[in-house]
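**Q** Any chance you can model this:
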Amino acid sequence: MKIQILSACKTTDSSLLSIEAEYKKRLKQALEIVELGGEKLSKLSPAEQRNKTLELIEQRSRPDQVLYLLTEEGKQLTSKEFATEIQTAMNSGKSNFSFAIGGAYGIEIPKGKHQTLSLSPMTMPHQLCRLVLVEQLYRAVCIMQGHPYHK
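**A** Next comes the predicted model:
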């Protein structure tokens, strides 16, 4: 299994990066985080930023990946349901996953084109979203492997 996180903007907070690095280490080589440089879009209108973010995401994702766009309106799952969703995709021959995190104005969500996922109905900064996602991905892997991390 290969997991890619496409993050619209950079994370610069060293304390968040330190925690993220610990989960990346636990996931071994399965996780790649790509920062898309969304900070450069700040001169665009909010709608243009959402559209351009989607464009950047689609350019970096691959056809063999299951792509999830993270949005507060997306599908909400428990940790066990999230693990089951990934396992089900793997059972059907999918092994590459991409999770996209938008910037301040989110991502333009085209109807029916990509799967959506919500980590919370609350809005959160992309840096925190990224850390929560990394932890939940690690937790999902542990659940699938029967590891006692998830109690």
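**Q** ok, how many other residues are close to the closest residue to residue 38 other than its chain neighbours?
**A** Leaving aside its sequence neighbours, residue 38 sits nearest to residue 8 (Cβ to Cβ, 6 or more residues apart in numbering; 3.4 Å). (C-beta placed from N, C-alpha, C; glycine too.) By other Cβ atoms under 10 Å, the residues close to residue 8 number 27.
**Q** pretty sure residue 8 is touching residue 53, no?
**A** Yes. Between residue 8 and residue 53 there is a contact under Cβ atoms under 8 Å: 5.0 Å.
**Q** From the contact counts, what lies against the helix or strand where residue 58 lies?
**A** Here residue 58 sits within helix 46-60, counting by DSSP states H and E. When contacts are defined as 3 or more Cβ pairs under 8 Å, 6 or more residues apart in numbering; DSSP states H and E, helix 46-60 sits against strand 2-7, strand 65-76.
**Q** Residue 19: which element?
**A** helix 14-26.
**Q** so what does the helix or strand following that helix touch, helix or strand wise?
**A** Counting by DSSP H and E, the element after helix 14-26 in chain order, helix or strand, is strand 31-35. Packing partners of strand 31-35 (3+ Cβ pairs under 8 Å, 6+ apart): strand 2-7, helix 14-26, helix 126-145.
**Q** rerun at 6 Å
**A** Judged by 3 or more Cβ pairs under 6 Å, 6 or more residues apart in numbering; DSSP states H and E, the packing partners of strand 31-35 are strand 2-7.
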